[in-house]
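**Q** Generate a structure from the sequence data that follows.
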Amino acid sequence: MDIQALRQDFPILKRQVNDNPLIYFDNAATTQKPRQVIDAISNFYENSNANVHRAIHTLSLEATDLYENSRQKIADFINAKDWQEIVFVRGTTEAINLVAYAWGLSSLGKGDEVLVSLMEHHSNIVPWEIISKFRGFTIKYAKVNADGTLDYDDFESKFSKKTKIACLSHVSNVTGIINDVKRITKVAHENGSLMLVDGAQSVPHLAVDVQDLGVDFLAFSGHKMLGPTGIGVLYGKKEVLQNMQPFQGGGEMIKEVSFTPGAGCSVSWNDLPWKFEAGTPDICGAVGLAEAVKYLDAVGMDNVLSHEKALTKYAEEQLQKCSKVTVYGCIDFSKKCGIIPFSVKGLSSHDVALICDNYGIMIRSGYHCAQPLHQEILKLESTDRASFYIYNTEEEIVRFVEVLKEM
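**A** Below you'll find the predicted structure:
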C-alpha cells in the first residue's frame, strides 16, 4: 500500500491539535472516514433522500435500491450465503442485544447455560446477565490466560448438552488477540450449541468468511471500519433467523396487521431481514457503510492486516526501549491485530492520555468496556491503549515514543 497516498483520502488527518499534527491512535474505538465515504453520505442527502420500501416515487425507489444494494455488498464482504442473512442495526451492541432478546428470551430457561469468555466487551456480557434474571439460565465464564490469550482447554471443557449458545470476541478490543473462533464453533456445534461472535474488532481488520468460520451469528459496527456511526450489522444463518421472534415492533417489520371487532389485532411478520428492522432504518448509514466496504475491498483485507501487524511489531519494539513503559498481553504478532495496551510507571492511564493529547496524539485510557479482563486477568484498574489502522505510519509511532520518553 502507498500509505502517504492513502492518507490523502482522510481530510481529518490534515488537522492540527494543540499546535501539533494529529496522530490518531484510537482506531479500536472508531476509525476516521475517507473522502469517498463522506461524499457518498453527502450525495445521498443531496440527491436521493427519501424513505425506503414505502412509496413508488422516484426518490423512494432510488433510496431503496441504494439501501438494499448496500446489504448485498456487505453480504459479499463477509461471504454470507444469502443477503437475507444481513440485518441492519445500530452497531455491535444492538446486534448482540437482538440475539439475546429475540432468540434468548424464547429459547433459554432454567437448566440451560450460556458460555462467555472473560475477555469479552461488556456488550457481550451485560445482555446475557440481564435476561438471565428473567429466564433463570446459568452463565459460565471461560478463563483467559495471564497474557490475554484464550484458555481454549477451559472454554471447551465448559461445553455440555446444557450449553445453548457460546459467545466469543473474534479479536479482543483490549489486547488485539485473534481468537480461533472456527475451532470453538466446531466444538459448539458438536454439543448442539449456537455460536455468536463479536466481530467488532475483526471485520474491520482481517478477512472474515462466515461460511468458512461456520458461526451462527456475527455482530459488527460500521464506524470501526471507515463507515459512519449509527449503523451496524447482525449476520445470522437464515435458518436460525427464520425461527426467531422480532426484537422490536412497529412499521416495516410487519406483513399485515388486521383488526377484528371484539378480538383486537392479529399481526404477521415481514420476511427476512426486514422483520428485525422496525421503523425507518439508517438508510444513509447503510450507504456510507457500503462505500467503506468498497474502499476496504480496494485496499485488500490481507494488506490491512499485514500493515497493522508490521506497525504493532515496530511499536512494541520501540516501547520496550522505554524503561518506565509496560506493555501487556501476548507479543506473538501472528496472533494479534493492531492494538497495544500499556501503562507508564507513576502515571494514571488518564494522565498519560491527557499528556499525549497535549502533543496531538489521540489514545484511549480506562478499561475499554472490558472490566472483568482488566481486574481478573491483567490485575489492573485501567490501561492506555494505542490502536492502529490503514492510515497510520511508523513516523507517527516514532513521535509517540518520543512523547512517552519525555513523560
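**Q** Domain-wise, how is the chain divided?
**A** Residue ranges for each domain of the chain read 3-25+300-406, 38-297, as given by automatic domain parsing.
**Q** winner for burial among these?
**A** domain 38-297 (a mean of 19; mean count of other Cβ atoms under 10 Å). All C-beta atoms are positioned from the backbone trio N, CA, C, and that covers glycine.
**Q** For that one, what is the distance to the chain centroid?
**A** Domain 38-297 has its C-alpha centroid displaced from the chain centroid by 10 Å (Cα atoms, centre = their mean, to the nearest Å).
**Q** the helices in the stretch 51-200 of the chain, which residues?
**A** Here the stretch 51-200 of the chain has its helices, by DSSP state H, counting those that start in this stretch, at 58-77, 92-98, 105-107, 126-135, 152-157, 181-190.
**Q** Check whether T326 sits in a helix, strand or coil.
**A** Assigned with DSSP: H, G, I helix; E, B strand; the rest coil, T326 falls in the strand class.
**Q** Identify the residues contacting the closest residue to it other than its chain neighbours.
**A** Leaving aside its sequence neighbours, T326 sits nearest to S343 (Cβ to Cβ, 6 or more residues apart in numbering; 5.2 Å). S343 sits next to 325-326, 328, 349, 352, 380, 383-384 when contact means Cβ atoms under 8 Å, 6 or more residues apart in numbering.
**Q** So which of those is the closest to M407?
**A** For those, the closest approach to M407 (Cβ to Cβ) belongs to V352, at 6.9 Å.
**Q** Make sure that closest one is actually in contact with V344.
**A** Yes. Counting by Cβ atoms under 8 Å, V352 touches V344, with 5.0 Å between them.
**Q** if I look at those two, which residues touch both of them?
**A** Common contacts of V352 and V344 (Cβ under 8 Å, 6+ apart): 384, 404, 407.
**Q** Keep only those of those that are in helices.
**A** L404 (DSSP state H).
**Q** Adding distance to Y101, write the shared contacts of V352 and V344 out as TSV.
**A** Below are the shared contacts of V352 and V344 laid out as TSV (distance: Cβ to Cβ, whole Å):
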residue	distance to Y101
D384	35
L404	44
M407	45
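**Q** I'd like the shared contacts of V352 and V344 laid out as CSV, including distance to S258 and pLDDT.
**A** CSV is the format used below for the shared contacts of V352 and V344 (distance: Cβ to Cβ, whole Å; pLDDT from 0 to 100):
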residue, distance to S258, pLDDT
D384, 58, 97
L404, 66, 96
M407, 68, 91
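**Q** Tell me the one of the shared contacts of V352 and V344 nearest Q8?
**A** Out of the shared contacts of V352 and V344, the member with the shortest distance to Q8 (by Cβ to Cβ) is L404, at 28.1 Å.
**Q** check contacts around that closest one.
**A** 319, 322, 325, 344, 352.
**Q** which helices and strands sit right next to the helix or strand harbouring the last one?
**A** Per DSSP states H and E: V352 is located in helix 349-358. The elements that helix 349-358 packs onto, with contact taken as 3 or more Cβ pairs under 8 Å, 6 or more residues apart in numbering; DSSP states H and E, are strand 339-344, strand 364-366, strand 383-387, helix 394-406.
**Q** what about 10 Å?
**A** With contacts taken as 3 or more Cβ pairs under 10 Å, 6 or more residues apart in numbering; DSSP states H and E, helix 349-358 sits against strand 339-344, strand 361-362, strand 364-366, strand 383-387, helix 394-406.
**Q** Any idea which of the ones you listed gets closest to I178?
**A** strand 339-344 (10.4 Å).
**Q** one step back: any chance of TSV for the contacts of S343, columns distance to G338?
**A** Formatted as TSV, those follow (distance: Cβ to Cβ, whole Å):
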residue	distance to G338
V325	18
T326	19
Y328	15
S349	19
V352	19
L380	21
T383	16
D384	15
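**Q** which among those gets closest to D9?
**A** D384 (28.0 Å).
**Q** Pick out the residue nearest the middle of the protein.
**A** The C-alpha lying nearest the average C-alpha coordinate of the chain belongs to A200 (Cα atoms, centre = their mean; 1.3 Å).
**Q** tell me the phi and psi of it?
**A** Per-residue torsions, A200: phi -60, psi -40 (degrees, to the nearest 10).
**Q** List the contacts of it.
**A** 28, 91-93, 95-96, 121, 123-124, 169-171, 173, 218-221, 223-225, 232 (Cβ atoms under 10 Å, 6 or more residues apart in numbering).
**Q** for N270, same thing?
**A** N270 sits next to 53, 246, 251-256, 276-278 when contact means Cβ under 10 Å, 6+ apart.
**Q** picking that back up, how about the helices and strands packed on helix 349-358, which one is nearest N79?
**A** That would be strand 339-344 among the helices and strands packed on helix 349-358, by Cβ to Cβ, at 24.7 Å.
**Q** coming back round to it: Q32: which of the domains of the chain is closest?
**A** Closest approach to Q32 among these is made by domain 3-25+300-406 (5.1 Å; Cβ to Cβ).
**Q** Touching, G346 and S323? I think so.
**A** No. Assessed by Cβ atoms under 10 Å, G346 is found out of contact with S323, at 11.7 Å.
**Q** Distance to K164 added to the helices and strands packed on helix 349-358, as CSV?
**A** Converted to CSV, the helices and strands packed on helix 349-358 look like this (distance: least, Cβ to Cβ, whole Å):
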stretch, distance to K164
strand 339-344, 31
strand 361-362, 41
strand 364-366, 33
strand 383-387, 33
helix 394-406, 44
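**Q** Now E120. Its backbone dihedrals?
**A** Torsion angles at E120 (phi, psi; degrees, to the nearest 10) stand at phi -70, psi 150.
**Q** Report the contact partners of it.
**A** E120 makes contact with 96, 126, 128, 141-142, 144, 167-169, 172-173, 198, 369-370, 372-373, according to Cβ under 10 Å, 6+ apart.
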